[in-house]
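**Student:** pasting the sequence and the predicted model now:
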Amino acid sequence: MTTTGETLVRGKLEVTIEGDATMRRVSLVGRIDESAHLDALVPTLAARELVIDSAGVAFINSIGVRDWIRLMRGLVDHGTKVVLEACSEPIVSQLNMIPAARAGVQIASVHVPYLCDACGLDAAMLVPVDAYGDALRAMKPPTLRCPECGGAMTLADLPERYFTFLVDP
Ligand SMILES: [Zn+2]
């Protein structure tokens, strides 16, 4: 089942798949709801290692979360090492609230809302988990440089909403 460079359209979600059964990479863009039937993708996505980039996911509803959990469980049961990269804010929120949504998978980087103290820019910033692991576990997210003015950006919300997955595995 080689699916190099293929894009599937499932409801309001585009699923772009690259790689092979050894190392696969999938990008999710759009909205995850009942029309995405994410759980049915287990045989298509299963691999030795699978990286899921969800930066483009703008929305996920409760049925989408249920199917996401089934997808993760199915992949883990299959023996796939799942790495979540560049998780979008809606995905990060669910991963933190629902342990089953992240059971057995590695979270490499997450988008979280930051606010620039100097110019007021409000942006989803990508935070690599490994680089800031200790600080994030202490619920002390890093200060980041504003892409607009170079000023200091800080997290615009409660850190527990975004980083609980690190302390409650
Ligand atoms: Zn700024």
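**Tutor:** Received it, and whenever you're ready, just let me know what you need.

**Student:** what sits up against the lengthiest helix in the chain?
**Tutor:** Assignment by DSSP state H gives helix 62-78 as the longest helix of the chain. Under the criterion Cβ atoms under 8 Å, 6 or more residues apart in numbering, residues 31-34, 36-39, 41-42, 45-46, 50, 60, 82, 94, 98, 100-105 lie in contact with helix 62-78. C-beta: built from backbone N, CA, C; applies to glycine.

**Student:** stretch 122-138 now?
**Tutor:** Contacts for stretch 122-138 (Cβ under 8 Å, 6+ apart): 55, 86, 88-89, 107-116, 141-142, 144, 147, 153, 156, 159, 163, 166-167.

**Student:** what about it, start to end distance?
**Tutor:** 24 Å (Cα to Cα, to the nearest Å).

**Student:** where's the most centrally placed residue in the chain relative to Ala108, distance?
**Tutor:** The chain has Cys87 as the residue nearest its centroid, 2.3 Å off, counting by Cα atoms, centre = their mean. Using Cβ to Cβ, to the nearest Å, Cys87 is found at 9 Å from Ala108.

**Student:** up against the ion, what does the protein have?
**Tutor:** 116, 118-119, 121, 146, 148-149, 151 (Cβ under 5 Å from the ion).
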